[in-house]
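In: Here is a sequence with its predicted model. Questions after.
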Amino acid sequence: MRAMLEQYREVAPRGTVEFLRQLGQRVEGKRMLHVNSTRQGGGVAEILQRLVPLLEELGVKTRWEVMTGSDLFYRTTKSFHNALQGTKQRITAEMYEAYLECNRENAKRLDLEADVAMIHDPQPAALIEARPEGSTWIWRCHIDVSTPQRSVWHFLRPYLVRYDAAIVSLPKFAQRLPIPQFLVYPSIDPLSDKNRDLTPEEVDQILARLGVPRDKPILLQVSRFDRFKDPVGVVEAYRLVKKSHDCRLVLAGGTATDDPEGAEVLAEVQEAAGADSNVHLLLLPPTANLEINALQQAATIVFQKSTREGFGLTVAEALWKGKPVIGGETGGITVQIIPGATGYTVNSPEGAAFYAKRLLNEPDRMAAMGRQGKEYARHRFLITRHLQDYLGLMIHLG
Amino acid sequence: MGARRAGSPFRFVSCMELREVMGQRAMDEQRLLELIEEIPADSIYYHTHSYYLRHAYAQGLFPNDFATWVTLHAHDRVLGEQLGILDPFEFDGIEQLRGEILAIMSEHLSHIKTLPRATTGEPFEFMRSHVIEADLGLETWTLREFRDALAHVEVGAIYNHVCEARLRKGRLSGDFADWLSAEDGLGLQELAARVAKVGCLGVSLEGIREQIVRLCDRELAAR
């Protein structure tokens, strides 16, 4: 087991492994419990798969419990998710009851004994009713609840105020709650298939398979085909860049089966791209981690031109690959891009095109920015920092 | 001189900051000023000093969050520059620094006709941090050992022994200089004086590390 943390020695900032071990000593033997609603798929499960064994290795007795529920429960919590992120939803009394009933059943089924319990997102939030005596409970909110549908927030709030603390991913995601709210940025795993080093041959092979030639600079955006990610704006920016620089544009996104708007947006992007053979629209499955990795490594400049964004970890992924990022001035993108140092934040296709052209004209500046971005990601957005924050929180909350 | 063994060792203690969102936010410069007047000193400290820990490697626009926000979000470059030049190492305490920030903002706001607001929709969010220390179990007895440990230690230790020591714990020369000059340390007064001067506006923690390592290298080479 000891070997797992050691694997991060080469990629984390110097001294990190020793520091984590010292922090671990301060909470050694404590029992920590994570509860969420899925073991596979999604960012929370992805990070827990790695964090749980790392916490174990540091001496924290860590368990991970997963809720189970009916279709109605999952439909309800999907609606909660959308409502909390500001999309109006109709939620019936029957749905609220299904949510509570499912939490009650899981409270009976799951072993909730722990010194520190971290309850992830709204799905298991009502488990707080079954909190064992003497334990510390933390609500870990991974979503943007800055402008929630009030009815849903008011339903959840009486449960949330019973926690000892909450964790948000950005300060603006914090709501008015009478409990301390801590800031913990999400993270990427530098050793995962999405972020590990690939050989030039691997990158070449994958891009050949995807049908993307490497004969000219590649501008890339990786994101769902969603209006908030502004893929049409990216095509407009590319057209402006193309006037002076021969380059390719790759828009790689998920198929988003649960998002009816996705197909509509994709059609708009296809129309905007027209018959330009230098524009590549790639529909990739959620498991295409190596493909995303290879595209990011092959890219010259990465865009994340969102007009609204949660945290936007694709920015950290690109920084980690040493690429300058041009991103929309919104949400978590603004904490990942230091303008002029790791990339540029913009508010229009023209802004994105301007900075892309500037970078293409100055390869040295681009390389220096890539190096800075990689170091910035190393210090701020790797899983080792995430682990450090959780250990710090355990120490602070006693 | 250089081979001297200290009477007591230097022990590296690193730290991390746990960040707490205070739930208070400003959308314009007047509200920002009012909240800077009211918030606990911990929050002023976070927005003016913890910068060094958060930007250990790369440097942001300005070395304090107030200057950065008024520039990027309220598009007030003049105030940004006036606040950006404040060097936290030049103040004896947080209240003195708070007073200076308020004086600059009041003076600026009294001369402008339109109140700058966050046109990007991103408010200034007040935060504070809880610093959590961890003894790294790393002891050094000689200058060579100290230099080598410093070159590889986790960057939080640099923050703890330079910024926290000087700015929050009142050890104005910083822990490295104190040990280098102490009689039961290495008794290297001149080196300690040079090390005490490292760490000022515009230098990242990695920059501070590099400068002190370089000073140690020069001292070792001069033996």
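Out: Nice, thanks for sending it over.
In: how distant is stretch A:127-140 from the center of its chain?
Out: Relative to its parent chain, stretch A:127-140 has a centroid offset of 25 Å by CA atoms, centre = their mean, to the nearest Å.
In: again with stretch B:131-151
Out: Put simply, stretch B:131-151 sits 19 Å off its chain's centre (CA atoms, centre = their mean).
In: Give me the buried positions along that stretch.
Out: For stretch B:131-151, the neighbour count (16 or more other CB atoms under 10 Å in any protein chain shown) marks B:131-134, B:136, B:138, B:140-143, B:145-147, B:149-150 as buried. Using the backbone N, CA and C atoms, a C-beta is placed for each residue, glycine as well.
In: Can you tell me which residue of the stretch 1-150 of chain A sits closest to chain B?
Out: A:Gly15 (2.9 Å; CB to the nearest CB).
In: CA-only coordinates of the helix or strand harbouring B:Glu17 in CSV, if you can.
Out: B:Glu17 belongs to strand B:10-26 when elements are defined using DSSP states H and E. Only the C-alpha atoms of strand B:10-26 are listed here, as CSV (Å, rounded to 0.1, in the frame of the first residue of the first chain):
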residue,chain,number,x,y,z
PHE,B,10,17.0,24.1,13.0
ARG,B,11,13.7,22.1,12.9
PHE,B,12,11.6,22.5,9.7
VAL,B,13,7.9,23.0,10.4
SER,B,14,5.7,23.2,7.4
CYS,B,15,2.1,24.5,7.2
MET,B,16,-1.0,24.6,5.1
GLU,B,17,-3.9,26.9,5.1
LEU,B,18,-7.5,25.7,5.4
ARG,B,19,-9.6,28.3,3.7
GLU,B,20,-12.9,29.4,5.1
VAL,B,21,-15.5,31.4,3.2
MET,B,22,-16.9,34.1,5.4
GLY,B,23,-20.1,34.6,3.4
GLN,B,24,-19.5,38.4,3.0
ARG,B,25,-19.1,39.8,-0.5
ALA,B,26,-18.8,43.1,-2.2
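In: List the buried residues of it.
Out: Residues of strand B:10-26 classed as buried: B:10, B:12-26 (neighbour count, 16+ other CB under 10 Å).
In: when you check chain A, which of the residues you listed turn up near it?
Out: Filtering the buried residues of strand B:10-26 for proximity to chain A by CB under 8 Å from any CB of the partner chain leaves B:14, B:16-21, B:23, B:25.
In: quick one: the closest residue to A:Gln388 other than its chain neighbours from A:Val234, how far?
Out: Spatially, and ignoring its direct neighbours in sequence, A:Gln388 is nearest to B:Met16 (5.5 Å; CB to CB, 6 or more residues apart in numbering or on different chains). For B:Met16, the distance to A:Val234 equals 37 Å [CB to CB, to the nearest Å].
In: And for A:Leu360?
Out: In this view, A:Leu360 and A:Val234 are 15 Å apart by CB to CB.
In: Tell me which of the two has more neighbours.
Out: The residue with more neighbours, out of A:Leu360 and A:Val234, is A:Val234; 27 against 18, by other CB atoms under 10 Å in any protein chain shown.
In: Contact partners for that one?
Out: By CB atoms under 8 Å, 6 or more residues apart in numbering or on different chains, the residues touching A:Val234 are A:219, A:221, A:249, A:251, A:303, A:305, A:349, A:352.
In: for the chain, which spans come out with low pLDDT?
Out: If you meant another chain, say so; for now it's chain A. For chain A, the stretches flagged by pLDDT under 70 are A:1-2, A:255-260.
In: That was the other one, I meant chain B.
Out: B:1-2, B:55-60, B:199-202.
In: what about the residue in it that chain A sits nearest to, neighbour count?
Out: Chain A sits closest to B:Glu154 of chain B, with a gap of 2.9 Å, by CB to the nearest CB. The number of residues packed near B:Glu154 is 27, by other CB under 10 Å.
In: and what of the one 10 residues further on?
Out: Around B:Glu164 there are 24 other residues, counting by other CB under 10 Å.
In: go on, A:Val325?
Out: A:Val325 has 28 neighbouring residues, counting by other CB under 10 Å.
In: ok, and does stretch B:32-42 reach over to chain A?
Out: No. Stretch B:32-42 does not reach chain A (CB under 8 Å from any CB); its nearest approach is 12.8 Å.
In: Quick check: buried residues in that stretch?
Out: So, applying 16+ other CB under 10 Å, buried residues of stretch B:32-42: B:32-33, B:35-36, B:39, B:42.
In: would you list every one of the strands in the chain?
Out: Picked chain A for this. Along chain A, the stretches classed as strands by DSSP state E are A:31-36, A:61-66, A:116-120, A:136-140, A:165-168, A:181-183, A:218-222, A:248-254, A:279-284, A:301-304, A:325-328, A:343-346.
In: nope, chain B please
Out: Remark: strands assigned in chain B by DSSP E are B:10-26, B:124-140.
In: The first one to strand B:124-140, inter-axis angle?
Out: What that stands for is strand B:10-26. Relative orientation of strand B:10-26 versus strand B:124-140 (axes from the mean of the first three to the mean of the last three CA atoms, to 10 degrees): 180 degrees.
In: ok, back up a step: need the strands of chain B in TSV (columns: distance to B:Ala74).
Out: Putting these into TSV (distance: least, CB to CB, whole Å) gives the following:
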stretch	distance to B:Ala74
strand B:10-26	9
strand B:124-140	9
